[in-house]
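1. pasting a predicted model and its sequence here:
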Amino acid sequence: MDFENILLEIKNHIAIVTINRPQKLNALNIQTIEELKSVFNEINNNTEIRAVVLTGSGEKAFVAGADISELNKLSPIEAKEFSLNGQSVFNSIENLSKPVIAAINGFALGGGCELSLSCHIRFASENAKFGQPEVNLGIIPGYGGTQRLSRLINNGRALEYILSGDMFDAQEAFRLGLVSKIFSQADLLNKTIEFAEKITSKPHHAVRLAIKSVNAVNSMSLTEGLNYEAALFALATGTDDFKEGTSAFLEKRKPEFRHS
Ligand code: COA
């Protein structure tokens, strides 16, 4: 499928999705949100793909937010639809059964920060800058920022950034636990792809079930989550790769996973 604002490359079972509107710092206009919806639907249905790397085009921005020229025209009714539509696309990223790793290569502001928050893992370049500057526009985050940022770094820290609109750098994002690795701009994409390759070598069903179980943290109590984990753990023992992984260990040989 051809996209106007998104590049999709599939290599070694990894989909590399690049948001490609560099002249607007990869701002998410409605067209780009629709294309993200389609591309993640395509990735979901393509059994060859076992991991996703999501990044922005150029060296300046991952995504500098929702497109303010479109925001400016929204009525309250349209704004609710706008918010729910973006949230549903980001939910589909978070709930994808394949790991999505954000390679944050510059500004990740507003919707860009929120997009990164919907990814399973975040790596950043040294020049990355994060923030939820919506307050400066007279609005609040609408693509999940008030919910996901608070869950990730706690309510007080999230409000510090949401109420001030201040940006923070990659080192601060690392300290906050928002990103787990920082690379130079030159290394970011290759190192992220390298990490994605490591995951694609692991049994796909175990990876898929681990994501499902960790995601349950957002909607279940500890007791429910532990029960859910036990059910998914049991499901994993029904796979060929479970038999292969455990047998290979006992036979002191390298496992040959078939992702089945
Ligand atoms: N929506 C629409 N256009 C955007 C945009 C956004 N969120 N962010 C950047 N752009 C556009 C600029 O309007 C400019 O377009 P132009 O050349 O046609 O005028 C282009 O991208 C380059 O941005 P510019 O502001 O000139 O770059 P800069 O280096 O001076 O500043 C930022 C970079 C990120 C600090 C600044 O662009 C910015 O504050 N962007 C908005 C961030 C934001 O509030 N996001 C949340 C939206 S809800």
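-> Good, I have the coordinates.
2. who's Gly56 bridged to?
-> The bridge-partner assignment for Gly56, based on DSSP bridges, gives Ile19.
3. how about the helices in the protein?
-> Assignment of helices within the chain using DSSP state H yields the ranges 30-45, 68-71, 76-94, 111-117, 145-153, 155-164, 170-176, 185-200, 204-215, 222-236, 240-250.
4. and of these, who's closest to the ligand?
-> Evaluated over the helices of the chain, closeness to the ligand peaks at helix 68-71, with 3.9 Å, by CB to the nearest ligand atom. All C-beta spots, glycine's among them, are computed from the backbone N, C-alpha and C.
5. state the mean pLDDT of that closest one.
-> For helix 68-71, the mean pLDDT works out to 97.
6. and that helix, what other elements does it pack with?
-> Secondary structure elements in contact with helix 68-71, counted by 3 or more CB pairs under 8 Å, 6 or more residues apart in numbering; DSSP states H and E, are absent; no helix or strand qualifies.
7. rewinding a little: need the winner for burial among the helices of the chain.
-> When neighbours are counted by mean count of other CB atoms under 10 Å, the highest per-stretch mean among the helices of the chain falls to helix 111-117, a mean of 29.
8. rewinding a little: including distance to the ligand, could the helices of the chain go into TSV?
-> Formatted as TSV, the entries for those read as follows, by distance: least, CB to the nearest ligand atom, whole Å:
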stretch	distance to the ligand
helix 30-45	11
helix 68-71	4
helix 76-94	10
helix 111-117	6
helix 145-153	9
helix 155-164	12
helix 170-176	15
helix 185-200	15
helix 204-215	25
helix 222-236	33
helix 240-250	43
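9. let me have these in TSV, extended by distance to Ile104.
-> Rendered in TSV, the data for the helices of the chain read as follows (distance: least, CB to CB, whole Å):
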stretch	distance to Ile104
helix 30-45	16
helix 68-71	20
helix 76-94	14
helix 111-117	6
helix 145-153	14
helix 155-164	15
helix 170-176	8
helix 185-200	8
helix 204-215	20
helix 222-236	28
helix 240-250	31
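10. got a list of what the residue nearest in space to the middle of the chain touches?
-> Taking CA atoms, centre = their mean as the criterion, Cys119 is the residue nearest the geometric centre of the chain, at 1.4 Å. In this structure, Cys119 makes contact with 54, 93-94, 100-102, judged by CB atoms under 8 Å, 6 or more residues apart in numbering.
11. which residues does the residue of the stretch 101-250 of the chain at minimum distance from the ligand contact?
-> In the stretch 101-250 of the chain, the residue that lies nearest the ligand is Gly110 (2.6 Å; CB to the nearest ligand atom). Shown here is Gly110, whose contacts under the criterion CB under 8 Å, 6+ apart are 64-66, 131-134, 141, 143, 145.
12. repeat the analysis, applying 7 Å as the threshold.
-> With contacts taken as CB atoms under 7 Å, 6 or more residues apart in numbering, Gly110 has the following neighbours: 65-66, 132-134, 141.
13. quick one: which of those residues is most hemmed in?
-> Ala66 (30 neighbours; other CB atoms under 10 Å).
14. doesn't Leu28 make contact with it?
-> Yes - with contacts counted by CB atoms under 7 Å, Ala66 reaches Leu28, the gap being 5.2 Å.
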